[in-house]
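Undergrad: Fold the following and give me the result.
(2 chains)
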Amino acid sequence: MHPFSYVKVSDIAGALAAGRRGGRYIAGGTMLVDLMRETVERPSTLVDISALPLRDVTVTARGGLRIGALVRMAEAAAHPKVRATYPVISQALELGASPQLRNMATIGGNIMQRTRCAYFRDVTAACNKRDPGSGCAALGGFNRTHAILGASDQCVATHPSDVAVAFAALEAIVRLVGPDGRRGVAFADFLLPPGSTPEREQAVRPGELITAVEIPALPRPLRSGYLKVSDRRSYEFALTSAAVALHVRGGVIREAKVAAGGVGTVPWKLPAVERRLIGERPSEALWAEAARLAAEGARPLAHNKFKIELLKRAVERQLRIVGGTA
Amino acid sequence: MSRQAVGAPLSRVDGRLKVTGRAMYAADHPTDGVVHAAVVGSTVARGRITGIDARAALALSGVLKVISHRNAPRLAYRPNPSSNNPEGGERLHVFQDDKVLFHGQPVAVVVATTPEAAQHGASLVEVRYDAEKPSTDLTGTPAHAPVTYARGDADQAMRSAAVRLEMTYRTTRNHHNALEPHATIARWDGDRLTVWDKTQWVVGTQKELAAVFGIEPDAVRVISPCVGGAFGSGLRAWPHVTIAALAARELARPVKLVLTRKQLYSGTGYRPAYEYHLRLGSDRRGRLIAMVHDIKAETSSYEDFEEGVLAAGQMLYSMPHVRQAYRTVPLDVNTPLYMRGPGHATAAFAIESALDELAHELDIDPIELRRRNEPSEDESDGTPFSTRRLRECYTLGAREFGWDRRAPEPRSTRDGDWLIGMGMAAGVHTTRRNPAQARVLLDARGSALVEAATSDMGPGTCTAMTQVAADALGLTVRAVDFRLGDSTMPPTPAHGGSQTMASVGSAVQDGCDQLRRQAIELAVADERSPLHGADAGDVAVTDGRLHVKDDPARGETYQQLLARNNRTRLETLGSFTPEEPRFSMYAYGATFAEVAVDHRLGLVRVRRMLGVYDVGRIISPKLADSQALGGMVGGIGTALLEHTVTDHRDGRIVNANLADYLVPVNADVPDLRAIYLDGEDREASPIGVKGLGEVVHIGVAPAIANAVFHATGRRIRRLPITAEALL
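TA: Down below sits the predicted model:
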């Protein structure tokens, strides 16, 4: 670990002031400290924002849900409102990490997570994300867990978060505050595919602070859930995951929100699957047909060809679990 | 009458110490004036060091010194065959030249006043290399000349066998991944070296340090009272132990060196990867005729590591014809080492999978097939078995597991999206014994101190030895204090290979028997003793009181005896020296597994497991269960999760951390149960034990793989079994 200074702030103005001076925000620290130990991250100043008043879960004026950036994963998962309205969020949270980590890690930090790519985390390996221009060791290396969707010739790393997949499916909005004021960014625009700048991972401007993640109101009743496929039964990142939310009225699917994790460089929204579902009646055949569209555009690497089939099957399975076969 | 301690389900005598955090592990030992070391590992796997720039590290506040081959003193590195150094080749000579032999090899060490400064300094040392393309892939690399075995004419017999199968099984490299990282504190007092180390063998580390530094073993003391798991990784003194001692000598200050998790993957050994090619021939009734084993395993370029992978193929089943060739393949990697069930576990995966394949081929129940091939003697050399009760393991296991509910046809049982399967496998592990000693002291208060230079990496050595001693001395468990982990104590063999209970336990028993007899002799010869004149053979000791067996009222306590005779203590040195074996001695087990396989998503979940063991006498049933359940959990890891991944382009280990190297978590561990056949084996050891710690791991992976086949109809011959193999 490289030496750093540490400052704790008590209000947002103080945080932004410290951020403006180049400080790096830290909340639960479950990822940043890890990466500092590996010298992947070498911040000179840590700004501890854990005392900021961003720990509430509230219902928005339009009936959506606003989860404060500093709400812990465990708190968000257990929150009655979250559990009742968006089980997909609770499930995604509870299938991630370990109880200890979920007690520390925050929602804001969760979506800021950096990839688990082993070459990114090993400072002696080539990695364009960590060290732009150095190359990508994963492209020709061990890439079983890497992306089949959204990759570039610069980077094939996946985004590791589970709850971000649920947020992507539900078309959440990330609320930010920065030197230039407040703004909201659609989740689809928040996490950035690598393209030619894999070092840029989020649409966060310098010094900006996440204040909340907002889930827009969706028509009721909404059934939703999260499926995670991983080698190990818990405490393990997804090989593939599927977040599904369906609004069925009069026996017809009126609204479908579907995204996949573990397969894309960012949580992978599946609009083709959603379109195939809307206006149809739930059936085994429909789930299978829709899921066939899940891997459109997938480009496998040497060790992850199986993810194409696994992705389709995971989406199909989760459509059935959420949508049933009425 | 007090109850017998042996056989009672005692909790760990050191359990409270451990769960309250007061147990002292290697790195915990407080040492005045200690400074901290951090290792710099090579970032190439083969080549030469052309430059080391330590200026940035040395400029850091707190950094005291950077040592590499450029400035390290020459070390003696005398030959030492006695510390689990492989017979072939020569160990790594740390900081003695510019050669790089594997990725992560220590090339420098930074010593600083704080661990933080040392680690930061280590990250700033710039090493330049003249790198060559390494060879790290077992497949396609030339092998050493084989170790061979043959009886009959297996190749000829294969040609005429009615049923012939030919398979290649592949296992991956597994690392021990104990919770406690390897750590060493070294301190020199003049020419005398004291080392606190994580080791399974203080005597082995003592001898190795003496050999490396060219000093007498008596000048080296190694202390290791607690070991936070090891599974074999502590059976050798790895380079970091030398580095700590070297740095301490150079700085003339005590040095503490704790390997990082990542460094454990290159700084200590591992279970080598194997390619196990097996041909078998049988008649149509499933009687085996021949097996041909062609085995390849990885080793390092500088040492030839071999392990007991051949035994099972020679003696587990009856057949006239066997041929074996075991080749190690030298690679640009660090040297492997024994890991739980070494060799045997790998052989079991191949042989026990193959038996399952044959059973399916012939439509014979897998247990029945094994019964048909049960030998009546050890066919490798014609010796009789001391005890071999595998048939009973099968019968009891089948009954307790509900084997009769298993529909023979694969892929015939479903539970929603899950396919359900049952599998089983036999396991066998050599009963090892080696000379051991133990010192026994009985003090004036009637309490005993028993000491031996063994180790407790988790099986509960302290507890089990306390039980043996308590019974032999006629004391309660509370009155016995067993201590271990100091090379000044009476010598013992390595704490590995399931030999500790048989060897050290027998020495403890001998020492305590001697001491009890000594006390009895003292009493019956003492005119003032109520026992005066009694026949020594008629006197027993119960709860610290010597008494006539048939007249319990006639007697006195150890305290009374010692006080009256003005003795502050009685002392004996127990020993155990195994006789030349006249029998074939092995521990056996049968493991049963039920798995559920999500056939669409390729997920395997173990639902329940049962192990039935023929291991001789069980000294400490509660700790035996801990051993057995731990062995099964490790087997789940080997079967489904564990896989050290090497990037063959540059020899780096890609997943050198516990987030990416997967070991089972609680959610992966289902309903596990262990049963031990009642009995003992007095040929194996005076205390009747055959050894337990290894055999409980052996057979687990093939039982799971066989269950996966039964569930799905898919035969997976490569471990670990992951989703891509089952989609």
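
Undergrad: Give me the contacts around stretch B:406-418.
TA: Stretch B:406-418 is contacted from outside by A:317, B:360, B:363, B:365, B:419-422, B:596-601, B:605, B:709-713, using C-beta atoms under 8 Å, 6 or more residues apart in numbering or on different chains. Quick note: C-beta positions are derived from backbone N, CA and C, even for glycine.

Undergrad: List only buried entries from those residues.
TA: Among the contacts of stretch B:406-418, those scoring as buried are A:317, B:360, B:365, B:419-422, B:596-601, B:605, B:709-712 (criterion: 16 or more other C-beta atoms under 10 Å in any protein chain shown).

Undergrad: Return the subset of the residues you listed lying in strands.
TA: B:419-422, B:596-598, B:605 (DSSP state E).

Undergrad: Show the backbone phi and psi for the residue of chain A positioned farthest from its centre.
TA: Each residue of chain A has a distance to the centre, and by C-alpha atoms, centre = their mean the biggest one is for A:G250: 32.5 Å. Backbone torsions of A:G250, given as degrees, to the nearest 10, read phi 60, psi 30.

Undergrad: Write out the residues of the stretch 451-600 of chain B neighbouring chain A.
TA: The stretch 451-600 of chain B comes close to chain A at residues B:R600, as judged by C-beta under 8 Å from any C-beta of the partner chain.

Undergrad: Which part of the stretch 451-600 of chain B gets nearest to chain A, residue-wise?
TA: Nearest residue of the stretch 451-600 of chain B to chain A: B:R600, at 4.9 Å (C-beta to the nearest C-beta).

Undergrad: how about the helices of the stretch 51-200 of chain A, start to end?
TA: Along the stretch 51-200 of chain A, the stretches classed as helices by DSSP state H, counting those that start in this stretch are A:73-78, A:80-85, A:87-94, A:99-104, A:107-111, A:163-170, A:187-190.

Undergrad: and chain B, which of these is closest to it?
TA: helix A:99-104 (10.7 Å).

Undergrad: The closest one: how far from the chain's middle?
TA: On the basis of C-alpha atoms, centre = their mean, to the nearest Å, helix A:99-104 sits 17 Å off its chain's mean C-alpha point.

Undergrad: Buried ones in it, by neighbour count?
TA: A:101-102, A:104.

Undergrad: Dump stretch A:76-89 to CSV, keeping only the CA atoms.
TA: Provided in CSV are the C-alpha atoms of stretch A:76-89 (Å, rounded to 0.1, in the frame of the first residue of the first chain):
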residue,chain,number,x,y,z
ALA,A,76,-31.2,-1.9,1.4
ALA,A,77,-31.8,-5.7,0.9
ALA,A,78,-33.8,-5.9,4.1
HIS,A,79,-35.8,-2.6,3.7
PRO,A,80,-39.5,-3.4,3.7
LYS,A,81,-40.2,-1.1,0.8
VAL,A,82,-37.4,-2.6,-1.3
ARG,A,83,-38.5,-6.1,-0.5
ALA,A,84,-42.1,-5.5,-1.2
THR,A,85,-41.8,-3.5,-4.4
TYR,A,86,-38.6,-4.7,-6.0
PRO,A,87,-37.7,-8.2,-4.8
VAL,A,88,-35.1,-8.3,-7.7
ILE,A,89,-33.1,-5.7,-5.8
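
Undergrad: Buried residues of it, list them for me.
TA: A:76-77, A:79, A:82, A:85-89.

Undergrad: overlap between those residues and the residues near chain B?
TA: Taking C-beta under 8 Å from any C-beta as the test, chain B is in contact with none of the buried residues of stretch A:76-89.

Undergrad: Which of the helices or strands spans the closest residue to the residue of the stretch 451-600 of chain B closest to chain A other than its chain neighbours?
TA: Nearest non-adjacent residue to B:R600, counting by C-beta to C-beta, 6 or more residues apart in numbering or on different chains: A:R313, 4.9 Å away. Element membership for A:R313, per DSSP states H and E: helix A:306-323.

Undergrad: helices or strands up against that helix?
TA: strand A:223-229, strand A:240-249, strand A:252-261, helix A:284-291, helix B:723-726 (3 or more C-beta pairs under 8 Å, 6 or more residues apart in numbering or on different chains; DSSP states H and E).

Undergrad: Now A:A298: which helix or strand?
TA: Counting by DSSP H and E, A:A298 is part of no helix or strand.

Undergrad: domains of chain B?
TA: B:15-21+B:434-576, B:31-133+B:177-267, B:274-432+B:582-726 (automatic domain parsing).

Undergrad: and A:D34, which of the ones you listed is closest to it?
TA: Proximity to A:D34 (C-beta to C-beta) singles out domain B:274-432+B:582-726 among the domains of chain B, at 8.8 Å.

Undergrad: Distance check, A:S50 against chain B.
TA: 23 Å (C-beta to the nearest C-beta, to the nearest Å).

Undergrad: I figured that residue was touching A:L70, is that so?
TA: Yes - in this structure, A:S50 is within contact of A:L70 by C-beta atoms under 8 Å, at 6.5 Å.

Undergrad: ok, those two, which is more surrounded?
TA: Of the pair A:S50 and A:L70, A:L70 is the one with more neighbours under other C-beta atoms under 10 Å in any protein chain shown, namely 23 against 16.

Undergrad: Report the contact partners of B:A723.
TA: Counting by C-beta under 8 Å, 6+ apart, B:A723 has contacts A:229, A:231, A:239, A:306, A:310, B:601-603.

Undergrad: Looking at those, state which has the most neighbours.
TA: So for these (other C-beta under 10 Å), the most neighbours sit at A:L239, 27 neighbours.

Undergrad: I'd say that residue and A:L310 touch.
TA: Yes - under the criterion of C-beta under 8 Å, A:L239 makes contact with A:L310 at 6.4 Å.

Undergrad: Once you drop chain neighbours, what's closest to residue 104?
TA: Assuming you mean chain A. In space, A:M104 is closest to A:G28, 4.0 Å off (C-beta to C-beta, 6+ apart).

Undergrad: let's do chain B instead
TA: B:S266 (2.7 Å).

Undergrad: for the nearest residue to B:A711 once chain neighbours are set aside, what are its contacts?
TA: Closest residue in space to B:A711, ignoring its immediate chain neighbours: B:G421 at 2.7 Å, by C-beta to C-beta, 6+ apart. Residues in contact with B:G421, defined by C-beta under 8 Å, 6+ apart, are B:410, B:413, B:594-595, B:597, B:707-712.

Undergrad: next one: the helix or strand hosting B:D510 to chain centre, how far?
TA: Take DSSP H and E as the rule and B:D510 turns out to sit in helix B:500-524. Centre-to-centre, helix B:500-524 and its host chain are 27 Å apart (C-alpha atoms, centre = their mean).

Undergrad: helix or strand right after it?
TA: Later in the chain than helix B:500-524, the nearest helix or strand by DSSP H and E is strand B:539-542.

Undergrad: Check which residues of that next one are buried.
TA: Residues B:539-541 are the ones in strand B:539-542 that count as buried (16+ other C-beta under 10 Å).

Undergrad: Tell me the one of those nearest B:G460?
TA: B:V541 (24.7 Å).

Undergrad: List the beta-bridge partners for that closest one.
TA: Beta bridges link B:V541 to B:L546, judged by DSSP bridges.

Undergrad: which residues touch it?
TA: For B:V541, the contacting residues are B:473-475, B:516, B:519-520, B:547, B:558, by C-beta under 8 Å, 6+ apart.

Undergrad: between the residues you listed, which has the most around it?
TA: That'd be B:Y558 among the contacts of B:V541, by other C-beta under 10 Å, with 29 neighbours.

Undergrad: Now for the residue in the stretch 551-700 of chain B positioned nearest to chain A: which residues touch it?
TA: Closest residue of the stretch 551-700 of chain B to chain A, C-beta to the nearest C-beta: B:A667 (3.9 Å). Counting by C-beta under 8 Å, 6+ apart, B:A667 touches A:232-235.

Undergrad: and those, which of them are in helices?
TA: Using DSSP state H, no member of the contacts of B:A667 sits in helices.

Undergrad: right, and the pair among these with maximum separation?
TA: Taking C-beta to C-beta, the two most distant members of the contacts of B:A667 are A:R233 and A:Y235; they sit 8.3 Å apart.
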